[in-house]
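>>> Just to be clear, the model below is a prediction. Sequence and coordinates:
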Amino acid sequence: MCYQLFLAADQPLPLADWSPGAVLGVTALEDHPPLPDAMNLAYVYDVGSHTQCACGFDRFGGGIGYGPDYDYDGLTAQSLDALADYLSRAVKQGSTLVLYYVWTGEESQPVEQRRSIQPDQLRDPAFALENRHLIEVVGK
């Protein structure tokens with residue numbers, strides 16, 4: 001099992017095909033599990049990191065057995081930087097964006113925390129995505 005990062009937007013966003021060596025992939029989802037009401041925007045995407053799934057966005061390896069500071073090669077930071085850049089471009093175009101980080105199979109469980117962030121906060125080494133967190137992405 002893996003973490004998933006769902007991205008909901010009120011307007012279409014560019015796709016980014018994941019391939020070996022890529023640090024970010026964005027795929028449009030037509031069918032997806034039930035998601036929190038705040039994700040009920042016109043477009044829903046699955047966002048993957050260097051691991052292809054969203055586990056690679058977890059800087060601290062919580063819940064997936066890697067232990068603290070497992071990002072030995074810096075790919076997690078690169079994936080989070082690429083995600084921050086992607087979200088920054090979308091926010092600048094006026095998109096409403098909501099992220100939902102969740103362990104596969106727990107999508108219908110209650111949201112544990114809601115918060116708002118600016119895309120650059122993803123670059124902060126202390127920033128952590130946590131299971132069942134719903135995040136509104138806002139501009140400066």
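Good, I have the coordinates.
>>> for I135, which residues make a bridge with it?
Beta bridges link I135 to L99, R115, judged by DSSP bridges.
>>> That one against V102, yeah?
No. Between I135 and V102 there is no contact, the gap being 11.3 Å when judged by Cβ atoms under 8 Å. C-beta coordinates here come from the backbone N, C-alpha and C atoms, glycine included.
>>> Any regions of the chain where pLDDT drops low?
Scanning the chain for pLDDT under 70 picks out 61-73.
>>> hmm, 80 instead?
1, 59-73, 140 (pLDDT under 80).
>>> Spell out the residue ranges of the strands in it.
Secondary structure of the chain (DSSP state E): strands at 3-9, 25-28, 43-48, 97-103, 113-117, 133-137.
>>> which residues are contacting the shortest one?
The list of residues contacting strand 25-28 from outside it, by Cβ atoms under 8 Å, 6 or more residues apart in numbering, reads 7, 13-19, 43-49, 52, 86.
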